[in-house]
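J.: I would like the atomic coordinates for the input below:
(chains A and B)
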Amino acid sequence: MKLITHNMLTSKSLKGVNVGFPLKICATEVKEVAVDFNPEFVTRMIPKLDWDALCQAAESLGCLNDLPRSVNPNHENDEEFLKKAHHVLLEVEVIEGELVCPETGRKFPVNEGIPNMLLNEDEV
Amino acid sequence: MKLKELESCLQCVEVFKSPKVKLEQYPTSPHIASRMLHTIDTRYKDLDGCMVADLGCGCGVLAVGASLLGASMCFGIDIDKDALDISYQNSCEYELKNLELIQMDVTKLPDAQWNQLFDTVIMNPPFGTKRNRGIDMLFLKTGLNMATRAVYSLHKTATREHIRKKTKEWGVNMEVISELRFDLPSSYKFHRQQSVDIEVDFIRFSFPSSHLPIKCTEKNYLLLKK
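T.: Residues are numbered from 1 along each chain as shown, chains lettered A, B, ... in the order given. From the prediction side, this is the model:
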């Protein structure tokens, strides 16, 4: 599970949960992979993401490095910034661990990099 | 990538060992998957550099193919762990770095969660013939809310007029790209014949420039008892 994916997941479908975002990451195995850098793609994705949640997630995994906490309005021309964003979004992967609902503490397991977001009938 | 090359690549994708009837699991054959993806890539340019989702990805043949054809990110989403395990093996086998898998129920995605987050959605949805009537339309509607460029889907030709009516209602464009004959091998025990031929449309759905996400008020109506 890459951090771009983490940015897309919520526990909002749980009964009684209002926002359910961002899910806390408890990782037992994290790996870094090299992914081809596509500045145009990263630029296009940035406005669709929750930047604070991304920074928080990266920080909790110890891979925030010097990624700025806010997005520079001119980011599409800032290649160095885009490379850092690319790294955090696409190259850091949680292989084993759990995602935790911020409101209820319900845990969603991540195995072999695949988050399991399924809920039981009585949870929705 | 040439069509032949893509098809021979996809020949090696692992498929269901024991398909589940309830989930209408049957693999998209490499022959059909390669032609779908090649058309999406060359005729419409809706894969290269795109954010792509494969809803109900099963063993991941469409998702793997989309990644091979240059999707920047491809998300394979399925409810079934066994299918995702096979998708995962396939992703490892092809050393794909841009294919993400998520286990979730496509039909229970909260409203507005992924509205217009993706460029392109591809799918071979359940046809809704196994006591889950309407699930094909629910997949389609979910896909239409997620995509900004286009949704590519397979539907039984018999439902074409119904889909045309619905898409008109939703303000979405629909183009039948080709009519396929789906040769469903008798993968389930209850199939009496060796194989069943069904007529299937390969359809591209796209949006007029003023399009807004569709309201999902029919969701509960469509969800059927297990």
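
J.: going forward, measure contacts and count neighbours with C-alpha atoms only.
T.: OK.

J.: state which helix of chain A is the longest.
T.: helix A:51-60 (DSSP state H).

J.: what lies in contact with that helix?
T.: Residues from elsewhere that reach helix A:51-60 (CA atoms under 8 Å, 6 or more residues apart in numbering or on different chains): A:3-4, A:7, A:22, A:24-25, A:64-65, A:67, A:69-71, A:88-89.

J.: buried set for it?
T.: Neighbour-count burial for helix A:51-60, counted by 16 or more other CA atoms under 10 Å in any protein chain shown, picks out A:51, A:53-58.

J.: list only buried entries from the contacts of helix A:51-60.
T.: Buried subset of the contacts of helix A:51-60 (neighbour count, 16+ other CA under 10 Å): A:3-4, A:7, A:22, A:24-25, A:64, A:67, A:88-89.

J.: out of those residues, list just those in strands.
T.: A:24-25 (DSSP state E).

J.: which of the buried ones among the contacts of helix A:51-60 fall within helices?
T.: Of the buried ones among the contacts of helix A:51-60, the ones assigned to helices by DSSP H are A:3-4.

J.: which one of the buried ones among the contacts of helix A:51-60 sits closest to chain B?
T.: Nearest to chain B among the buried ones among the contacts of helix A:51-60, counting by CA to the nearest CA, is A:Ile4 at 9.6 Å.

J.: surely that closest one and A:His87 touch.
T.: No: using CA atoms under 8 Å, A:Ile4 is not in contact with A:His87; the gap is 10.4 Å.

J.: where does the residue lying farthest from the centre of chain A land on pLDDT?
T.: Most distant from the centre of chain A: A:Asp122, at 27.2 Å, with distances by CA atoms, centre = their mean. A:Asp122 carries a pLDDT value of 93.

J.: would it count as being in a helix?
T.: Yes: looking at A:Asp122 with DSSP: H, G, I helix; E, B strand; the rest coil, it is inside a helix.

J.: if I pick it, what's in contact with it?
T.: If you count contacts by CA under 8 Å, 6+ apart, A:Asp122 has none.

J.: A:Ser70 too?
T.: Contacts for A:Ser70 (CA under 8 Å, 6+ apart) come out as A:51-52.

J.: list phi and psi for it.
T.: A:Ser70 adopts backbone torsions of phi -130, psi 160, taken as degrees, to the nearest 10.

J.: what's the distance between it and A:Val100?
T.: As for A:Ser70, its distance to A:Val100 is 25 Å (criterion: CA to CA, to the nearest Å).

J.: report the secondary structure state of the nearest residue to B:Pro27 once chain neighbours are set aside.
T.: Excluding the flanking residues, the one nearest B:Pro27 by CA to CA, 6 or more residues apart in numbering or on different chains is B:Val15, at 6.3 Å. Under three-state DSSP, B:Val15 falls in the coil class.

J.: ok, A:Leu119 next?
T.: coil.

J.: look up the pLDDT of it for me, please.
T.: Per the predicted model, pLDDT is 95 at A:Leu119.

J.: model confidence for the closest residue in space to it that isn't next to it in sequence, exactly?
T.: Excluding its sequence neighbours, the residue lying closest to A:Leu119 (CA to CA, 6+ apart) is A:Leu14, at 7.5 Å. A:Leu14 carries a pLDDT value of 94.

J.: how about A:Leu14, phi and psi?
T.: Main-chain dihedrals, A:Leu14, degrees, to the nearest 10: phi -70, psi 140.

J.: burial count for the closest residue to B:Glu7 other than its chain neighbours?
T.: Leaving out its chain neighbours, the residue that sits closest to B:Glu7 by CA to CA, 6+ apart is B:Ser34, at 5.1 Å. Residues within reach of B:Ser34, counting by other CA atoms under 10 Å in any protein chain shown, total 26.

J.: and what of the one 4 residues further on?
T.: By other CA under 10 Å, 23 other residues sit near B:His38.

J.: thought A:Lys12 was touching A:Pro102?
T.: No: under the criterion of CA under 8 Å, A:Lys12 is not in contact with A:Pro102, lying 10.2 Å apart.

J.: need the strands for chain B, in chain order.
T.: For chain B, applying DSSP E gives strands covering B:51-55, B:73-78, B:99-103, B:118-123, B:147-156, B:173-185, B:195-206.

J.: up against chain A, what does chain B have?
T.: Chain B comes close to chain A at residues B:49-50, B:72, B:79, B:97-98, B:100-105, B:108-110, B:114, B:117, as judged by CA under 8 Å from any CA of the partner chain.

J.: rewinding a little: mind putting the strands of chain B into a markdown table with mean neighbour count?
T.: Below are the strands of chain B laid out as a markdown table (neighbours: other CA atoms under 10 Å in any protein chain shown):
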| stretch | mean neighbour count |
| --- | --- |
| strand B:51-55 | 28 |
| strand B:73-78 | 25 |
| strand B:99-103 | 24 |
| strand B:118-123 | 25 |
| strand B:147-156 | 23 |
| strand B:173-185 | 15 |
| strand B:195-206 | 17 |
